[in-house]
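Chemist: from the sequence below, what's the structure:
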Amino acid sequence: MSDKDAGCASWAGGIIGPYFFKNDGHNVTVNGDRYGARITNLFIPELNNHDVQELWFQQDGATCHTARATINLLKDMFGDRLISRFGPVNWPPRSCDLTPLGYFLWGYVKSLVYADKPQTLDHLEDNIRRVIADIRPQMLGKVIEN
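Modeler: Residues are numbered from 1 along each chain as shown. Reported below is the predicted structural model:
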């Protein structure tokens, strides 16, 4: 997930998301409570719709990701399979390129999302949804393999 106003999760079989952090249609700052609610109410139910085995949850060191309540929630859900600052497997500092989201997805999405120069947030969000929906598991499998 991203600490910006949108987030995604990925694995070799696909992408879950994007999730946009909004309240009554307005963008909001992502904090630990909002991030935890998004994981509990959207991510986990969606994850349960997929056949994902031996899942490891990895996130960067954004403040909303490492809030005490968030880390406790994630430890309860993923146990020792949590890679995060303050998690059982510590996230190395300033290492944003260790995940496919960091070294592939966001750059790839941005290169396509801004191609038609969106002029509104709604247009931008529509582009993000469209580009992410078009990413196939075969592409993600190759990214993860590399």
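Chemist: now for the worst-scoring helix or strand of the chain on mean pLDDT, which elements pack on it?
Modeler: Sorting the helices and strands of the chain by mean pLDDT, DSSP states H and E puts helix 100 at the bottom, at a mean of 73. Counting by 3 or more CB pairs under 8 Å, 6 or more residues apart in numbering; DSSP states H and E, the packing neighbours recorded for helix 100 are helix 137-145. (Each C-beta comes from the backbone N, C-alpha and C, glycine too.)
Chemist: may I see the buried residues of the helix it packs on?
Modeler: 140, 143 (16 or more other CB atoms under 10 Å).
Chemist: same question for that helix, mean pLDDT?
Modeler: Taken as a whole, helix 137-145 has a mean pLDDT of 85.
Chemist: what is the subsequent helix or strand relative to the least confident helix or strand of the chain?
Modeler: helix 106-113 (DSSP states H and E).
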